[in-house]
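Peer 1: Provide a 3D model corresponding to the input given below.
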Amino acid sequence: MSHPTSYPVRLADEITRQLGRLADHLAQLPPREATQVIARILDPDDGVLGGVTHLVATGSVFAKVQAERGALPAEVWLALGRASNELDALGGDLDEHRETLRHVGTQPATTAAKPPAPAPLVVRRRR
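Peer 2: Residues are numbered from 1 along each chain as shown. Prediction:
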């Protein structure tokens with residue numbers, strides 16, 4: 001007899017499908033609209049990245065409790081904790097660009113006589 005899939009598992013599957021659909025749409029959007037979507041995704045409070053970071057942090061707390069009980073290896077908890085910290089750091093790095101994305105995404109579409117100069121694709125980060 002098969003076990004019914006729980007609501008949280010179905011929800012995780014549906015969110016994964018929706019994220020795939022969002023990525024598919026993003027790849028096809030005009031630049032201004034794509035920039036708006038990216039800015040919303042990166043919003044640390046209400047965006048996808050913040051939500052995923054919170055979800056991984058919650059998973060880390062769960063894994064810690066389970067590791068303390070011996071139900072999970074400590075390495076699982078440590079890996080989730082590292083992932084949560086890395087996502088949080090990435091969110092912080094990207095947050096400094098959120099206003100730029102928001103500004104570009106709200107600019108009216110204009111036809112420039114001369115296209116803007118391309119930006120270098122490799123930029124050194126300050127630490």
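
Peer 1: ok, residues contacting stretch 74-89?
Peer 2: If you take C-beta atoms under 8 Å, 6 or more residues apart in numbering as the criterion, stretch 74-89 is touched by 49, 52, 53, 56, 57, 59, 60, 63, 64, 66, 67. All C-beta atoms are positioned from the backbone trio N, CA, C, and that covers glycine.

Peer 1: who's in contact with the fifth one?
Peer 2: What that stands for is residue 57. Residues near residue 57 by C-beta under 8 Å, 6+ apart: 84, 88.

Peer 1: Any chance of the backbone angles for residue 70?
Peer 2: When quoted as degrees, to the nearest 10, the phi and psi of residue 70 stand at phi 90, psi 10.

Peer 1: Closest to the centroid, which residue in this structure?
Peer 2: Note on the chain: the residue nearest the mean C-alpha position is residue 49, at 2.7 Å, using C-alpha atoms, centre = their mean.

Peer 1: was I right about that one contacting residue 91?
Peer 2: Yes: A contact is recorded between residue 49 and residue 91 when judged using C-beta atoms under 8 Å, the distance being 5.4 Å.

Peer 1: Now the common contact residues for the two.
Peer 2: Shared between the contact lists of residue 49 and residue 91 (criterion: C-beta under 8 Å, 6+ apart) are residues residue 42.

Peer 1: Tell me where the chain has helices.
Peer 2: Secondary structure of the chain, counting by DSSP state H: helices at 7-28, 31-41, 48-69, 74-95, 98-106.

Peer 1: Reformat these as a markdown table; add mean pLDDT and distance to residue 121.
Peer 2: What follows is those, written out as a markdown table (pLDDT from 0 to 100; distance: least, C-beta to C-beta, whole Å):
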| stretch | mean pLDDT | distance to residue 121 |
| --- | --- | --- |
| helix 7-28 | 97 | 19 |
| helix 31-41 | 92 | 16 |
| helix 48-69 | 97 | 22 |
| helix 74-95 | 95 | 17 |
| helix 98-106 | 80 | 16 |
